[in-house]
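Student: Curious how this folds, go ahead:
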Amino acid sequence: MDQTLADLALWVTVIVLILSAVVLVNRLKAVLQVATSIPPKVDAIAGVAAAASRDLDAVAVLLTTQGYIGSIKNSVLDYGGSLNAALPDY
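Tutor: Prediction:
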């Protein structure tokens with residue numbers, strides 16, 4: 001009787017191990033599928049980041065333009081009284 005109980009315990013253990021192996025293989029397949037979907041997303045993000053970087057290159061030009069606008073504004077303000085005399089009122 002002890003032998004049949006030991007055999008039963010062994011078979012239950014074998015069945016549990018087989019089921020565990022099947023579940024493990026399915027989970028590993030799911031992880032592999034998710035992992036292989038990552039590179040296309042990274043490539044898409046890299047493309048957007050490169051475009052954003054090119055947009056930031058214009059910041060230096062904007063700073064230069066801001067300086068020019070300031071100097072033009074000051075020049076126009078220096079001629080403010082002369083412009084009032086030179087331009088007729090409508």
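
Student: Now the element after the host helix or strand of Leu8, going C-ward?
Tutor: Element membership of Leu8, judged by DSSP states H and E, is helix 2-36. Counting by DSSP H and E, the next helix or strand C-terminal to helix 2-36 is helix 38-56.

Student: Now do that following helix: everything it contacts.
Tutor: Here helix 38-56 makes contact (Cβ atoms under 8 Å, 6 or more residues apart in numbering) with no residue beyond itself. (C-beta placed from N, C-alpha, C; glycine too.)

Student: Give the buried residues for that helix.
Tutor: Neighbour-count burial for helix 38-56 flags no residue at all (criterion: 16 or more other Cβ atoms under 10 Å).

Student: Put the alpha carbons of that helix into CSV.
Tutor: In CSV, the C-alpha atoms belonging to helix 38-56 read as follows (Å, rounded to 0.1, in the frame of the first residue of the first chain):
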residue,chain,number,x,y,z
ILE,A,38,9.7,47.2,-28.7
PRO,A,39,12.3,48.0,-31.5
PRO,A,40,9.8,49.4,-34.0
LYS,A,41,8.4,51.7,-31.2
VAL,A,42,11.9,52.8,-30.3
ASP,A,43,12.7,53.6,-34.0
ALA,A,44,9.5,55.7,-34.2
ILE,A,45,10.4,57.6,-31.1
ALA,A,46,13.9,58.2,-32.5
GLY,A,47,12.5,59.7,-35.7
VAL,A,48,10.3,62.1,-33.7
ALA,A,49,13.2,63.0,-31.5
ALA,A,50,15.4,63.8,-34.5
ALA,A,51,12.7,66.0,-36.0
ALA,A,52,12.3,67.8,-32.6
SER,A,53,16.1,68.3,-32.5
ARG,A,54,16.0,69.9,-36.0
ASP,A,55,13.2,72.2,-34.7
LEU,A,56,15.4,73.3,-31.8
